[in-house]
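J.: need a structure here:
(3 chains)
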Amino acid sequence: MPEGHTLHRLAAYFAKHHGGSRLRVSSPQGRFADGARRIDGRTLLDAEAHGKHLFLGFDSGDWLRVHLGLYGAWTFGDADGERYLGAPRARNGRQGELKRDSAGFVVAPPPTGAVRVRLVTASGWADLRGPSACEVISDEGKQAVQARLGPDPLRPDADPERAWQMISRSRTAVAALLMRQDVIAGIGNIYRAECLFRAGIDPYRAGRDLTRAEWEGLWDDIGSLLEDGVRVGRIVTTRPEHRPDPGVFPVPRSDSFYVCYRTGDPCRVCASPISQADLAGRTLYWCPGCQRH
DNA sequence: AATTTATGTCAAT
DNA sequence: TTGACCTAAATTT
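T.: This is a model prediction of the structure:
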C-alpha cells in the first residue's frame, strides 16, 4: 500500500481541489450505497491524514474515513485529464472535454471496474477502488480511530515521545515496532526497511536496546523521508552519491531504494548481498554488512 | 487465460 | 502464525 506520504498527498489534493465544494456521492459498485446516501449533497470542509487513514470532513459533522489497505487507489479526473493516487499501478489517462449537468456537476465517464465511491463536484470527480476501509463516522468515531494511532511525523501534533515510550520498553524487534501503527503512524514496509538501513541499525535489535539518540535520529530521518515522499509523489531513499547517475531526475525506480526488493543484490554502500527474511508476515530487507549495531 | 503480486490490517487459531 | 479481505496490473502458462 501506499504509505503515509500518499495519504497526506491525497488529503492535500482534496483540500485544494474540492475543499468548500458540494459533493455528489455515489457507490457505483453498491457496497457503499448506505454511506454514500448519508453524505451525498454535503459540502467538503476538511481533508486530513493520520498515518494511513484519510479523513474527509463534511458540513454535516460527519467524516468519511478511508483506508487504502494493500491495493486501494483513487482515480481523479478534471479538466486536466485523469491520474491516480494510491497503489502504484496506474499512469495518467486521457484528456477530455468536461461536460456538466443542469446542477453544475461534472459529468464523469461511466465507472469502470469496482468503484466503491464516486465523488463529483463542479470541477472534477474522484473514484475510489479497493479500499480496506470506507465508512462514514462521527467526530467521536474519528477521535476513537486516532486514539489508537501513534504519532504521525507528518502531522504538526505529532509527539515522538509517545512512540519512544513504547519502543524503549519493548523487547520486540525495532523492525516490527516501526510497522505498528499504534507506535508510529504512516510507516510501511519500504520506509521501515530503508530508514533502518540509513541509520545502520540491525532490524532485529530490541526496541528497548535503542538509545534515545538513535530514536531521535530515526524519527527525524523518517520525517524527512516522508516529506520527500509527499513532495516527489513516490518513495526515494537513496542519497545521490549512492546512485549510479547522481544527477538524473526523476530517480529511476531501480535506484530508489537501498535494500527493498534488492535481495541478493550488492549493497550500494558496502557491496554485501542484501538479505531478506519474513518478519510477522511481511518481507524484511536489510544489509548484513551495514546494519550491525 | 490463469496466476501472481503489491507500499496493509484484522480476526481467528 | 495463518487466512481472509478484495482490486487491477504484471507475469506466467
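J.: Could I get the full set of helices for the stretch 101-250 of chain A?
T.: A:139-147, A:160-167, A:174-177, A:189-199, A:212-232 (DSSP state H, counting those that start in this stretch).
J.: Residues in contact with the helix or strand following the longest one: which ones?
T.: So that's helix A:212-232. Counting by DSSP states H and E, the next helix or strand C-terminal to helix A:212-232 is strand A:275-279. The contact list for strand A:275-279, computed with C-beta atoms under 8 Å, 6 or more residues apart in numbering, reads A:173, A:175-176, A:203, A:263-264, A:283-288. C-betas here are computed from N, CA, C, even on glycine.
J.: now the residue of chain A found nearest DNA strand C: how far from A:Arg83?
T.: Of all residues in chain A, the one sitting closest to DNA strand C is A:Gly113 (2.3 Å; C-beta to the nearest atom of the strand). Using C-beta to C-beta, to the nearest Å, A:Gly113 is found at 16 Å from A:Arg83.
J.: So the two - more neighbours on which side?
T.: Shown here are A:Gly113 and A:Arg83; by other C-beta atoms under 10 Å, A:Arg83 has more neighbours (15 against 10).
J.: Just confirm the more buried one is within a strand.
T.: Yes: with DSSP: H, G, I helix; E, B strand; the rest coil as the criterion, A:Arg83 is assigned to a strand.
J.: near DNA strand B, which of the contacts of strand A:275-279 show up?
T.: A:Thr283 (C-beta under 7 Å from any atom of the strand).
J.: Please report the number of neighbouring residues for the residue nearest to A:Gly247 when sequence neighbours are not counted.
T.: In space, and not counting its chain neighbours, A:Gly247 is closest to A:Pro240: 7.6 Å by C-beta to C-beta, 6 or more residues apart in numbering. For A:Pro240, the count of nearby residues is 12 (other C-beta under 10 Å).
J.: And the residue of chain A closest to DNA strand B?
T.: The nearest approach of chain A to DNA strand B comes at A:Gly188, 2.1 Å away (C-beta to the nearest atom of the strand).
J.: That residue is in contact with A:Gly69, isn't it?
T.: No: if you go by C-beta atoms under 8 Å, A:Gly188 and A:Gly69 don't touch, sitting 11.4 Å apart.
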